[in-house]
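> one predicted model, sequence on top.
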Amino acid sequence: MTLEYHPLMREFPEFHAELLALHGSDAHFTRLAADYEALDKRIYRVEDGREPLDAEALQVLKNERVTLNVEIARQLKQAANGRGA
């Protein structure tokens, strides 16, 4: 299995402007993005074998990442619609 990070800029390249704008102006979005990035890095460390975690706990982390991803996507789409995109 190829390991890779899933940074938000790679996950949502079509929302680059919204990512930058929300990151600087919306505290809730900034917290969500920071939580997502930290979780993504932890998942990578576990998958790379640098941090021990059983498969069930890893799946819980991955599900949390998906939940954050969905919420971030919703906010990005809302921001894009607000600017007329």
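Received the coordinates, thanks.

> residues of the top helix by length along the chain that come out buried?
The residue-count maximum for a helix in the chain (DSSP state H) belongs to helix 55-82. By neighbour count with 16 or more other Cβ atoms under 10 Å, helix 55-82 contains the buried residues 65, 68-69, 72, 75-76, 79. Using the backbone N, CA and C atoms, a C-beta is placed for each residue, glycine as well.

> what helix or strand is the spatially most central residue of the chain on?
Closest to where the C-alpha atoms of the chain average out (Cα atoms, centre = their mean) is residue 36, at 3.8 Å. With elements taken from DSSP states H and E, the one containing residue 36 is helix 27-47.

> ok now that helix, how far from the chain's centre?
In terms of Cα atoms, centre = their mean, to the nearest Å, the centre of helix 27-47 is set 6 Å apart from its chain centre.

> where does residue 50 land in three-state SS?
At residue 50 the chain is in coil, as set by DSSP: H, G, I helix; E, B strand; the rest coil.

> may I have the phi/psi pair for it?
Phi and psi for residue 50, reported as degrees, to the nearest 10, are phi -80, psi -20.

> next one: residue 3
Torsion angles, degrees, to the nearest 10, at residue 3: phi -90, psi 140.

> and it, how far from residue 45?
10 Å (Cβ to Cβ, to the nearest Å).

> before we move on, what about residue 56?
According to Cβ to Cβ, residue 56 stands 17 Å off from residue 45.

> got it, and residue 16?
For residue 16 relative to residue 45 (Cβ to Cβ), the value is 27 Å.

> ok, now residue 37?
Per Cβ to Cβ, residue 37 is found 13 Å from residue 45.

> ok so, going back, the helix holding residue 36 versus helix 55-82: what angle between them?
Using axes from the mean of the first three to the mean of the last three Cα atoms, to 10 degrees, the inter-axis angle of helix 27-47 relative to helix 55-82 is 150 degrees.

> restricting to C-alpha, output helix 27-47 in PDB.
Coordinates of each C-alpha in helix 27-47 appear next as PDB, following Å, rounded to 0.1, in the frame of the first residue of the first chain:
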ATOM      1  CA  ALA A  27     -12.300  30.400  13.700                       C
ATOM      2  CA  HIS A  28     -14.600  27.300  13.500                       C
ATOM      3  CA  PHE A  29     -13.300  26.400  10.000                       C
ATOM      4  CA  THR A  30      -9.700  27.000  11.200                       C
ATOM      5  CA  ARG A  31     -10.200  24.600  14.100                       C
ATOM      6  CA  LEU A  32     -11.800  22.000  11.800                       C
ATOM      7  CA  ALA A  33      -8.900  22.300   9.300                       C
ATOM      8  CA  ALA A  34      -6.300  22.000  12.100                       C
ATOM      9  CA  ASP A  35      -8.100  18.900  13.500                       C
ATOM     10  CA  TYR A  36      -8.200  17.400  10.100                       C
ATOM     11  CA  GLU A  37      -4.500  18.000   9.400                       C
ATOM     12  CA  ALA A  38      -3.400  16.600  12.800                       C
ATOM     13  CA  LEU A  39      -5.600  13.500  12.300                       C
ATOM     14  CA  ASP A  40      -4.300  13.000   8.800                       C
ATOM     15  CA  LYS A  41      -0.700  13.200  10.100                       C
ATOM     16  CA  ARG A  42      -1.500  10.700  12.900                       C
ATOM     17  CA  ILE A  43      -3.100   8.200  10.500                       C
ATOM     18  CA  TYR A  44       0.000   8.500   8.300                       C
ATOM     19  CA  ARG A  45       2.300   7.800  11.300                       C
ATOM     20  CA  VAL A  46       0.200   4.700  12.200                       C
ATOM     21  CA  GLU A  47       0.200   3.400   8.700                       C
END
